[in-house]
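Novice: Structure here, sequence nowhere to be found:
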């Protein structure tokens with residue numbers, strides 16, 4: 001179930017998608033990047049449960 005949720009997040013969730021693409025561009029194999037995205041998704045879900053607040057993605061300033 002986590003694998004399928006992560007695949008959807010990689011396609012439709014901009015922060016997770018950017019994280020996955022950054023790993024792929026760094027030369028990581030696709031499955032390694034997916035597992036890293038799974039861990040990131042679990043970390044986000046754990047924080048949501050801990051704080052009892054909806055997820056707010058962090059906006060990063062683009063590098064100049």
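Specialist: Alright, I've got the coordinates. These figures come from a predicted structure and were not determined experimentally. Numbering: from 1, shown residues only.
Novice: which parts of the helix or strand where residue 3 lies are buried?
Specialist: Assigned by DSSP states H and E, residue 3 belongs to helix 2-12. Within helix 2-12, the residues scored as buried using 16 or more other CB atoms under 10 Å are 6, 9-10. To be clear about C-beta, it is placed using only N, CA and C from the backbone, and glycine gets the same treatment.
Novice: and which of the residues you listed is nearest residue 38?
Specialist: Nearest to residue 38 among the buried residues of helix 2-12, counting by CB to CB, is residue 6 at 4.6 Å.
Novice: from what I can see residue 6 touches residue 39, true?
Specialist: No: assessed by CB atoms under 8 Å, residue 6 is found out of contact with residue 39, at 9.3 Å.
Novice: what residue lies at the spatial centre of the chain?
Specialist: Nearest to the mean C-alpha position of the chain, counting by CA atoms, centre = their mean, stands residue 16 at 2.8 Å.
Novice: contacting residues around that residue?
Specialist: Contact analysis of residue 16 by CB atoms under 8 Å, 6 or more residues apart in numbering lists 6, 9-10, 37, 40-41.
Novice: related to what we said a few turns ago, of all the buried residues of helix 2-12, which comes closest to residue 53?
Specialist: For the buried residues of helix 2-12, the nearest to residue 53 is residue 9 (18.9 Å; CB to CB).
Novice: Leaving out the residues flanking it, which one is nearest to the closest one?
Specialist: The spatially closest residue to residue 9, leaving aside those adjacent along the chain, is residue 16, at 4.2 Å (CB to CB, 6 or more residues apart in numbering).
Novice: Tell me where this protein has helices.
Specialist: 2-12, 14-25, 30-51 (DSSP state H).
Novice: Columns mean pLDDT and distance to residue 57 on top of the ones you listed, output as JSON lines?
Specialist: Formatted as JSON lines, those follow (pLDDT from 0 to 100; distance: least, CB to CB, whole Å):
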{"stretch": "helix 2-12", "mean pLDDT": "95", "distance to residue 57": "12"}
{"stretch": "helix 14-25", "mean pLDDT": "95", "distance to residue 57": "5"}
{"stretch": "helix 30-51", "mean pLDDT": "94", "distance to residue 57": "9"}
